[in-house]
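Peer 1: What follows is a predicted protein model with its sequence.
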Amino acid sequence: MTDVLLAGRERYALPILQPLADALAAAGYRVHAWFDGPLARAGDTMPAPVRMVDVRGAVALRPMAVFCAMNQVPPFFAGAKVQLFHGFNVQKREDHRGHFRLRGLFDLYCTQGPATTAPFRALARQHRHFAVVETGWPKLDPLFRDDGGAAAHMRAPAGARPVAMFASTFTERLSAAPHLYDAIAAEVARGDRYWLLTLHPKCPPELFARYRALAGDNAAFVEPERIVTAQRAADVLLSDTTSVVPEFMVQYKPVVTFRNRVPQPYMLDFDDPARLPAMLDMAFSPSAELMADIRRRADDIHPWRDGHSSERVIAATEDLVAGRLGALAPKPLMARVRGLQIRRELGYWGPAARG
């Protein structure tokens, strides 16, 4: 059996990596996972048949490929380095500092849809040290295939009531969670809609405590690793400037955003918490024009709706390893510099993987 390695750093990596892990195991690969940062410190693991390894185990493994739901990867690991992305491009930062930033570490970028494929292919033609294949995003596979009734089970306490979902970024200047708490609490107390509440794993613990306390007959708190199930269960999303917005919208469902950094036609954006009830009413009864905008944008950022993006990632990686994507130029000098920085961060000064 051929070994492969999954790599993640934050809790949001888990729902990205799990569908790919399942597809890799089904394809006959021996799947391992290496976690850095918060995931490593928390002792998080992935369920069998995934085998967990530390940094030395990852070096010794010499996998065919390393699949990354993080911004960087140790270049001293063996195998093709595959970037899966940890979110959509929501323009939190300028392109050269955000979604399209190159770090010189990856051999293959598996893009989510035309909106990101074209810019990355332009960068690939310019730099030539990586390939780009549009595969769709493994995290969304469970949105578009049988989930065994998980979403229906999560929705069941709502009864006949419509379901709203709230999700917020951790970035302080962009987060809606501190500003909308009172307005959301009032909506939950009213009880005419059922709420699924979740926060980015990096939000402050005290914010988690406040939103968890809203759980009851009219609301449930959803742990971050179950966010895809919540997206499938909900009818409308309330959020801010986070990649959960496009993740939810690709289902052709309305989104309400609070002070979005770059509002788009498919969003119902507002800036005064007092307007929340009216904005929710608009979202639960969307206009034909709004739905047309949602469909156009959804098809641009993630047109893959078959639930098999993980399989396309595997096929693209196999093509890369077999040389079917063409020869790549040598990695730039910045990759060596970043490699030293990563060694220092990990405290690993042992030999690099061979082969």
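Peer 2: Everything's here; your move. Since this is a predicted model, take the numbers as computed values, not measurements.

Peer 1: Could you list the domains of this protein?
Peer 2: 3-142+306-346, 149-301 (automatic domain parsing).

Peer 1: Using CSV, lay out those domains together with distance to Ala353, mean pLDDT and mean neighbour count.
Peer 2: Backbone N, C-alpha and C define where each C-beta goes, glycine included. Shown next, in CSV, are the domains of the chain (distance: least, Cβ to Cβ, whole Å; pLDDT from 0 to 100; neighbours: other Cβ atoms under 10 Å):
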stretch, distance to Ala353, mean pLDDT, mean neighbour count
domain 3-142+306-346, 4, 92, 19
domain 149-301, 30, 95, 18
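
Peer 1: Can you tell me which of those domains is nearest to Ala352?
Peer 2: Nearest of the domains of the chain to Ala352, taken as Cβ to Cβ: domain 3-142+306-346 at 3.6 Å.

Peer 1: Distance check, the spatially closest residue to Ile342 that is not a sequence neighbour against Ala124.
Peer 2: Of all residues not flanking Ile342 in the chain, Pro74 sits nearest, at 5.1 Å (Cβ to Cβ, 6 or more residues apart in numbering). As for Pro74, its distance to Ala124 is 22 Å (criterion: Cβ to Cβ, to the nearest Å).

Peer 1: Kindly report the same for Val228.
Peer 2: Here Val228 is placed at a distance of 29 Å from Ala124 (Cβ to Cβ).

Peer 1: now Gly191
Peer 2: 52 Å.

Peer 1: Assign the residue nearest to Ile342 to helix, strand or coil.
Peer 2: At Pro74 the chain is in coil, as set by DSSP: H, G, I helix; E, B strand; the rest coil.

Peer 1: Now do the helices in the stretch 51-200 of the chain.
Peer 2: Ranges of helices in the stretch 51-200 of the chain, per DSSP state H, counting those that start in this stretch, are 55-61, 114-127, 150-155, 177-190.

Peer 1: May I see the ones you listed arranged in JSON lines, with distance to Gln83 as well?
Peer 2: Formatted as JSON lines, the helices of the stretch 51-200 of the chain follow (distance: least, Cβ to Cβ, whole Å):
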{"stretch": "helix 55-61", "distance to Gln83": "17"}
{"stretch": "helix 114-127", "distance to Gln83": "9"}
{"stretch": "helix 150-155", "distance to Gln83": "28"}
{"stretch": "helix 177-190", "distance to Gln83": "29"}
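
Peer 1: Can you say which of these is nearest to Leu268?
Peer 2: helix 177-190 (14.0 Å).

Peer 1: follow-up on the earlier one: quick check: the residue nearest to Ile342 vs Ile301, distance?
Peer 2: For Pro74 relative to Ile301 (Cβ to Cβ), the value is 30 Å.

Peer 1: swap in Met334?
Peer 2: The gap separating Met334 from Ile301 is 28 Å, by Cβ to Cβ.

Peer 1: just Glu318 next, same as before
Peer 2: Between Glu318 and Ile301 the distance, using Cβ to Cβ, works out to 25 Å.

Peer 1: try Arg190
Peer 2: Taking Cβ to Cβ, one finds Arg190 at 33 Å from Ile301.

Peer 1: now swap in Gln72 and tell me
Peer 2: From Gln72 to Ile301 the distance is 24 Å (Cβ to Cβ).

Peer 1: Tell me what the closest residue to Leu320 other than its chain neighbours is bridged to.
Peer 2: Spatial nearest neighbour of Leu320, excluding adjacent residues (Cβ to Cβ, 6+ apart): Leu108 at 5.0 Å. Beta-bridge partners for Leu108, by DSSP bridges, are Val82, Ala131.

Peer 1: So Leu108 is in contact with Gly79, correct?
Peer 2: No. At 10.9 Å, Leu108 and Gly79 do not qualify as touching, with contact defined as Cβ atoms under 8 Å.

Peer 1: Report the contact partners of the closest residue to Phe208 other than its chain neighbours.
Peer 2: The shortest distance from Phe208 to any non-neighbouring residue, by Cβ to Cβ, 6+ apart, is to Leu199 (5.9 Å). For Leu199, the contact set (Cβ atoms under 8 Å, 6 or more residues apart in numbering) comprises 167-168, 170, 177, 207-208, 211, 224.

Peer 1: Kindly provide the distance from Leu197 to Pro157.
Peer 2: 13 Å.

Peer 1: Find the residues that touch each one of those two.
Peer 2: Counting by Cβ under 8 Å, 6+ apart, the shared contacts of Leu197 and Pro157 are Ala220.

Peer 1: other SSEs contacting the helix or strand encompassing Arg344?
Peer 2: For Arg344, the element it lies in under DSSP states H and E is helix 333-346. Counting contacts by 3 or more Cβ pairs under 8 Å, 6 or more residues apart in numbering; DSSP states H and E, helix 333-346 packs against no other helix or strand.

Peer 1: Give me the residues contacting that helix.
Peer 2: Residues outside helix 333-346 that contact it (Cβ under 8 Å, 6+ apart) are 36, 55, 72, 74-76, 103-105, 349.

Peer 1: how about those in JSON lines, adding distance to Pro246?
Peer 2: Shown next, in JSON lines, are the contacts of helix 333-346 (distance: Cβ to Cβ, whole Å):
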{"residue": "Asp36", "distance to Pro246": "26"}
{"residue": "Val55", "distance to Pro246": "33"}
{"residue": "Gln72", "distance to Pro246": "23"}
{"residue": "Pro74", "distance to Pro246": "29"}
{"residue": "Pro75", "distance to Pro246": "30"}
{"residue": "Phe76", "distance to Pro246": "34"}
{"residue": "Arg103", "distance to Pro246": "23"}
{"residue": "Gly104", "distance to Pro246": "27"}
{"residue": "Leu105", "distance to Pro246": "25"}
{"residue": "Trp349", "distance to Pro246": "40"}
